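Engineer: just a sequence and a predicted model for now, questions to come.
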Amino acid sequence: MSTWLKSAVFYEIYPNSFKDGNGDGYGDFKGMTEKLDHIKSLGANAVWLNPHYDSPFMDGGYDVRDYFKVSERFGTEADFDEFIKSAHAKGIKVILDLVPGHTSEQNADFLRSAESTPNELSDRFIWTKGEWDFPQGFKAISGRHDRKGNYVVNFFSTQPSLNYGFNRVDDPSWQMPHDSPAALATREWLKSVMRFWLDRGADGFRVDMADSLVKNDGDRNEKPKTSEIWRDVRKMLDDEYPDTVIVSEWSDPQAVCAGFHADFMLDHHGNPYNLLVRGEEEPGVYSYFDAEGRGDAATVAAGFSEWYGAVKGSGYLGIISCNHDTPRLAPYYTQEQLKVIYATLFTLPGVPFVYYGDEIGMKYVKDLPSVECGFARTGSRTPMQWNLEKNAGFSDAEKTFLPTEQDKQVNVASQEKDKKSLLNALKSFFAFRKTRREFTEPDFEFVHAKGAEPLVYKRGNLLCVVNPLKVKQIAPRVIPQKSKTLFAVGKEAKPTKTNITVPPLSFTVFEVIGG
Ligand code: GLC
């Protein structure tokens, strides 16, 4: 069982947008290798790389054409190997994105499966029996291939579903059981993909739509047969690649029961993560960090405690600043608010994931035309802002993948020079976090969570006190004995005999002495 995940701090790279090393307007491995020091200097020791595979990019690379090949857009096979080697040399682990549920419609196995004559891959994908069958509850595509039948897709119409079988078989004329030879063969193929990249040096995978494999498999929090597959995969990893990890896009404690080392708590409506920082994405809902104080810490704490209680001891929660599917937190929040928000998010019990650009507060760019089926997500995928040179230092090309933003303050070079910048605040925060093992141990408890009042929680002997508002607040005196202030964002909170005075927009960590 791998041990490094516990103290991992991840940096998510969307390869198109991070750094262009060959001047073609798209990010690539050369550029990523060049910028590893930036990741390290932030205090991250792991990278999650969005899909790097050969792809027609009809869904930002989540439509894989060849699972065993690096996209030429991102460089050569050797550039990939060099990136992994350089990351490892700097003490940075790399997990890749695994897309197990669907391929690209241009994938060779899919095209073979689409042939009208039955062959060894006919059942690798899910096809209805007849060309006029449009089964309820599935998205099936018709009239694209000469095979008699329609194929089920998992997400966009360009992403045919791989066949891991069905739990509940409603129509045996085309639905195969999850333990049929064809379904088991797909599972073995998936393992071969994983082995291929682990042998190339990858340290694990972020698993895309991990709950989507077996069809008719109950709700998100059940998925018994999909879970069985992942437990089998986990066994393979434990036996053959014990130091590797799998992190799921599932967003339910069930993922940890299914063998994932960690699972993202995503920005789904009603999730405690949303109610903490992203409430505004739901009409009439406010997050705890709402500057007007309309959020409610009690709801956040209740939801989070329940969720955390369900995974504690068996796996971790992945806590994100944002990701490639999610609007960035800026400009909902100012840089001063973001400092407090990041410190809060990343002292909750979980593994931190910083999305590229969030460390400098890059904005979600509104109203961008969709590129490569990013749709609303496109605004969170704009090129990294390194400096004030051409294309914000991202690329020398005349035209870049997406337009770059020139912002005097929101770029790495300016923020490195500015002691008070978001980047430097996050660096000091991660440097401090690293010094205290309490933040990576399971001990955690909310001590005070009520409305927009200061939020107080314990990590072992450490007490974190957060004020989300722009006004001073008073928290009840919850520190039993003597205490020592270890770290603060903004002005530090001050315990008096009866309470704690918490300055506006602040985050303080106390060590409880003898408590
Ligand atoms: C996941 C990815 C998203 C992709 C989808 C289909 O949600 O994060 O970017 O479009 O799966 O693969």
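Structural biologist: Cool, got the structure. From a predicted model like this one, the values you see are computed outputs, not experimental measurements.

Engineer: what residues does this structure put near the ligand?
Structural biologist: Applying Cβ under 6 Å from any ligand atom, one finds that the chain approaches the ligand through 59-60, 62, 99, 155, 208-209, 249, 324-325. All C-beta spots, glycine's among them, are computed from the backbone N, C-alpha and C.

Engineer: can you tell me the centre-most residue of the chain?
Structural biologist: Asn323 (5.5 Å; Cα atoms, centre = their mean).

Engineer: that residue and Phe353 touch, don't they?
Structural biologist: Yes. Asn323 is within contact range of Phe353, at 7.2 Å (criterion: Cβ atoms under 8 Å).

Engineer: what sits in contact with each of these two?
Structural biologist: Common contacts of Asn323 and Phe353, defined by Cβ atoms under 8 Å, 6 or more residues apart in numbering, comprise 12, 264.

Engineer: and the residue of the stretch 1-150 of the chain nearest the ligand?
Structural biologist: Tyr62 (3.3 Å; Cβ to the nearest ligand atom).

Engineer: that residue: how many residues sit nearby?
Structural biologist: Residues lying near Tyr62 (other Cβ atoms under 10 Å) number 27.

Engineer: how about the one 3 residues further on?
Structural biologist: Using other Cβ under 10 Å, the number of residues around Arg65 comes to 21.

Engineer: next one: Asn424
Structural biologist: Around Asn424 there are 16 residues (other Cβ under 10 Å).

Engineer: per-residue pLDDT, it?
Structural biologist: On the pLDDT scale, Asn424 is placed at 98.

Engineer: and it, backbone torsions?
Structural biologist: Main-chain torsions, Asn424, degrees, to the nearest 10: phi -70, psi -30.

Engineer: for the ligand, see how far away it is.
Structural biologist: 30 Å (Cβ to the nearest ligand atom, to the nearest Å).

Engineer: contact partners for that residue?
Structural biologist: Here Asn424 is in contact with 415-416, 418 (Cβ under 8 Å, 6+ apart).

Engineer: any of these buried? List them.
Structural biologist: Buried by 16 or more other Cβ atoms under 10 Å: 415-416, out of these.

Engineer: and the residue of the stretch 251-400 of the chain that's closest to the ligand?
Structural biologist: Closest point on the stretch 251-400 of the chain to the ligand, by Cβ to the nearest ligand atom, is Asp325, at 4.8 Å.

Engineer: find the nearest non-adjacent residue to that residue, please.
Structural biologist: Arg377 (5.3 Å; Cβ to Cβ, 6 or more residues apart in numbering).

Engineer: which SS class is the one you found?
Structural biologist: helix (DSSP: H, G, I helix; E, B strand; the rest coil).

Engineer: please, where are all the strands along the stretch 351-500 of the chain?
Structural biologist: Here the stretch 351-500 of the chain has its strands, by DSSP state E, counting those that start in this stretch, at 351-355, 445-448, 455-459, 462-467, 473-476, 482-489, 494-495, 499-502.

Engineer: ok, then the element right after the last one?
Structural biologist: Scanning the chain past strand 499-502 towards its C-terminal end, the next helix or strand to appear is strand 506-513 (assignment: DSSP states H and E).

Engineer: beta partners for Val512?
Structural biologist: Ser483 (DSSP bridges).

Engineer: against the ligand, how distant is it?
Structural biologist: The separation that Val512 has from the ligand, given Cβ to the nearest ligand atom, amounts to 40 Å.

Engineer: wait, what's in contact with the residue of the stretch 151-300 of the chain found nearest the ligand?
Structural biologist: Across the stretch 151-300 of the chain, the shortest distance to the ligand (Cβ to the nearest ligand atom) belongs to Phe155, at 4.0 Å. Taking Cβ under 8 Å, 6+ apart as the criterion, Phe155 is in contact with 59, 62, 101-102, 209.

Engineer: equivalent analysis for Ser421, please.
Structural biologist: Contacts of Ser421 (Cβ under 8 Å, 6+ apart): 335, 360, 409, 414-415.

Engineer: quick one, grab the pLDDT at it.
Structural biologist: For Ser421, the predicted pLDDT is 98.

Engineer: ramachandran coordinates for it?
Structural biologist: phi -70, psi 160.

Engineer: what about the helices in the stretch 201-350 of the chain?
Structural biologist: 224-240, 254-257, 272-273, 297-311, 335-345 (DSSP state H, counting those that start in this stretch).

Engineer: dump these to CSV, plus mean pLDDT and mean neighbour count.
Structural biologist: Listed next are the helices of the stretch 201-350 of the chain as CSV, based on pLDDT from 0 to 100; neighbours: other Cβ atoms under 10 Å:
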stretch, mean pLDDT, mean neighbour count
helix 224-240, 98, 18
helix 254-257, 98, 24
helix 272-273, 97, 24
helix 297-311, 98, 19
helix 335-345, 98, 22
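
Engineer: TSV for those, including distance to Phe289?
Structural biologist: Listed next are the helices of the stretch 201-350 of the chain as TSV, based on distance: least, Cβ to Cβ, whole Å:
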stretch	distance to Phe289
helix 224-240	34
helix 254-257	26
helix 272-273	12
helix 297-311	10
helix 335-345	6
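
Engineer: give the buried residues for stretch 20-35.
Structural biologist: 20-22, 25-35.

Engineer: if you could redo that for stretch 141-148, that was the one I meant.
Structural biologist: Going by 16+ other Cβ under 10 Å, stretch 141-148 has these buried residues: 141, 145, 147.

Engineer: what does stretch 180-197 give?
Structural biologist: By 16+ other Cβ under 10 Å, the buried positions in stretch 180-197 come out as 180, 182-183, 185-187, 190, 193-194, 197.
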